[in-house]
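Trainee: give me coordinates for this.
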Amino acid sequence: MTKRILLLGAGFSRNWGGWLASEVFEYLIGLPSIQEQPGIYKLLWKYQHSGGFEGALAELQGLSARAGATTDDKQSLEALEQGVMQMFAEMNAAFVAQEFEFGQLVRKFLTRFDAIYTLNQDILLERQYASSVFPLPDGVNRWNGVQWPCVRPPYSLAEFEPQRWLTEPWMIDPDAPMHIEKNVQPIIKLHGSSLWRRSDAETNVLIIGGRKAGAIAQDPLLNWYGELFREALNASGTRLMTIGYGFGDPHINQAISDGFSSGLKLFNISPEGADAWTETPGAGIGDIRGENYLEGNLIGASRRSIHEIVDPNNAEYSKLMRFFHPLRG
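Mentor: Below is the predicted model:
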């Protein structure tokens, strides 16, 4: 049976005002707390076109982890991490303020997938999709709801009190079994979330900066998520749709590349379309892709916004539907 898997990157959230990595850089250099620390401000500019704000974080993480790390190193890392968390807080506040902005067409589209994997750490899906009433009234899907494996929301997802969404963390449940439930759609946040906390209620579950693969391997929950992703991509007949992913994470690209070896087919939705590999700034740094990463494995692409492609009245919609119904037209 063909599995349809969705992978979301920052470009997906951008459809509703979320920031891309380049825009996060611009946000951070505008923070007074960053401008007051010339070393961090200069470091951000150093990585503007080669790693972005995560490149700056990676350097500070490396300095802070070394044996001879100074107090300044650790304080600089903490200051930049706080800036990033402030960015997420403002972006999440904007998503919470948008009442039902997804629209039924987007929700209907998302229910077509057997699983949703996302690299995004905002709460757009939580607020705008998971709070929907399942199953959807038009009967496209078979889901009775969604599952955030081993993560416990502090409130009903139908809760629309803004302050609860913005201040109450979602807790990792260390006692929850690591399995996917039946008749619910799993949503897997591969890099954690800006609102997730461990059982101590203080420690973030958020993978940013450098050495992501190593950090994920040390986290039991995120490591399991990664295993689920790799298993799905290597299963016979799997089709993967990517929306707004810039192909900038080597460990994600490796998983996709391994899937190609098992017959995985890809449909890419981004402004670069079929040129995503060649036109992605900085793509390939420390990566395994090579010139023909997508060639031979890409079964379609779209450069249009999500709002356009999910509308049956638009021509682009027929391209999208071929992903789900490969024997049609």
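
Trainee: per-domain residue ranges of the chain.
Mentor: As given by automatic domain parsing, the domain ranges for the chain are 4-16+100-324, 21-96.

Trainee: tell me the centre residue of this protein?
Mentor: The C-alpha lying nearest the average C-alpha coordinate of the chain belongs to Leu119 (C-alpha atoms, centre = their mean; 1.9 Å).

Trainee: farthest from the middle of this protein: give me that residue.
Mentor: Residue of the chain lying farthest from the centroid, by C-alpha atoms, centre = their mean: Gly68 (34.0 Å).

Trainee: is it true that that residue lies in a helix?
Mentor: No - counting by DSSP: H, G, I helix; E, B strand; the rest coil, Gly68 is not part of a helix but coil.

Trainee: how near is Ala274 to Arg112?
Mentor: 22 Å (C-beta to C-beta, to the nearest Å). Bear in mind the C-beta positions are built from the backbone N, C-alpha and C, glycine included.

Trainee: likewise His307?
Mentor: When His307 is compared with Arg112 (using C-beta to C-beta), they lie 17 Å apart.

Trainee: can you give me the end-to-end span of stretch 134-154?
Mentor: For stretch 134-154, the first-to-last residue distance is 20 Å (C-alpha to C-alpha, to the nearest Å).

Trainee: right, I mislabeled it, should have said stretch 252-270
Mentor: Start-to-end span of stretch 252-270 (C-alpha to C-alpha) is 17 Å.

Trainee: next: stretch 197-207.
Mentor: Termini of stretch 197-207 sit 12 Å apart (C-alpha to C-alpha).

Trainee: for stretch 124-142, same thing?
Mentor: 22 Å.

Trainee: quick one: mean pLDDT over that stretch.
Mentor: The predicted model gives stretch 124-142 an average pLDDT of 75.

Trainee: just to revisit the earlier point, from Gly62, how far out is the residue farthest from the centre of the chain?
Mentor: Taking C-beta to C-beta as the measure, Gly68 falls 12 Å from Gly62.

Trainee: ditto for Thr70
Mentor: 13 Å.

Trainee: between those two, who's got more neighbours?
Mentor: More crowded of Thr70 and Gly62, by other C-beta atoms under 10 Å: Gly62, with 15 against 11.

Trainee: residue contacts, that one?
Mentor: By C-beta atoms under 8 Å, 6 or more residues apart in numbering, the contact list for Gly62 reads Gly210.

Trainee: quick one: buried residues of stretch 258-273?
Mentor: By 16 or more other C-beta atoms under 10 Å, the buried positions in stretch 258-273 come out as 259-260, 264-270, 272.

Trainee: my bad, should have said stretch 307-314
Mentor: 308-311.

Trainee: and of those residues, the nearest to Gly210?
Mentor: Ile309 (33.7 Å; C-beta to C-beta).

Trainee: surely the closest one and Ile269 touch.
Mentor: Yes - using C-beta atoms under 8 Å, Ile309 is in contact with Ile269, at 6.8 Å.

Trainee: can you check which residues contact both of those two?
Mentor: Common contact partners of Ile309 and Ile269 (C-beta under 8 Å, 6+ apart): Ser302.

Trainee: can you tell me the closest non-neighbouring residue to Gln37?
Mentor: Ala79 (6.0 Å; C-beta to C-beta, 6 or more residues apart in numbering).

Trainee: can I assume the one you found sits in a helix?
Mentor: Yes - under three-state DSSP, Ala79 sits within a helix.

Trainee: wait, doesn't it sit right on Ile40?
Mentor: Yes - assessed by C-beta under 8 Å, Ala79 is found in contact with Ile40 at 6.1 Å.

Trainee: anything in contact with each of the two?
Mentor: Joint contacts of Ala79 and Ile40 (C-beta under 8 Å, 6+ apart) are Ile34.

Trainee: these two - which one has more neighbours?
Mentor: Ile40 (22 against 17).

Trainee: give me the pLDDT for that one.
Mentor: For Ile40, the predicted pLDDT is 97.

Trainee: for the stretch 151-300 of the chain, give me the ranges with low pLDDT.
Mentor: Along the stretch 151-300 of the chain, the parts satisfying pLDDT under 70 run over 157-160, 201, 278-292.

Trainee: which residue ranges form the helices in the stretch 151-300 of the chain?
Mentor: Using DSSP state H, counting those that start in this stretch, the helices of the stretch 151-300 of the chain run over 162-167, 212-217, 220-234, 250-261, 276-279.

Trainee: adding distance to Arg4 as columns, could you present those in a markdown table?
Mentor: Listed next are the helices of the stretch 151-300 of the chain as a markdown table, based on distance: least, C-beta to C-beta, whole Å:
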| stretch | distance to Arg4 |
| --- | --- |
| helix 162-167 | 29 |
| helix 212-217 | 24 |
| helix 220-234 | 10 |
| helix 250-261 | 13 |
| helix 276-279 | 19 |
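
Trainee: closest to Ile243 out of those?
Mentor: Nearest to Ile243, of all the helices of the stretch 151-300 of the chain, is helix 276-279, at 11.3 Å by C-beta to C-beta.

Trainee: how much space separates the nearest residue to His251 once chain neighbours are set aside from Gly145?
Mentor: Closest residue in space to His251, ignoring its immediate chain neighbours: Ala213 at 4.0 Å, by C-beta to C-beta, 6+ apart. As for Ala213, its distance to Gly145 is 31 Å (criterion: C-beta to C-beta).
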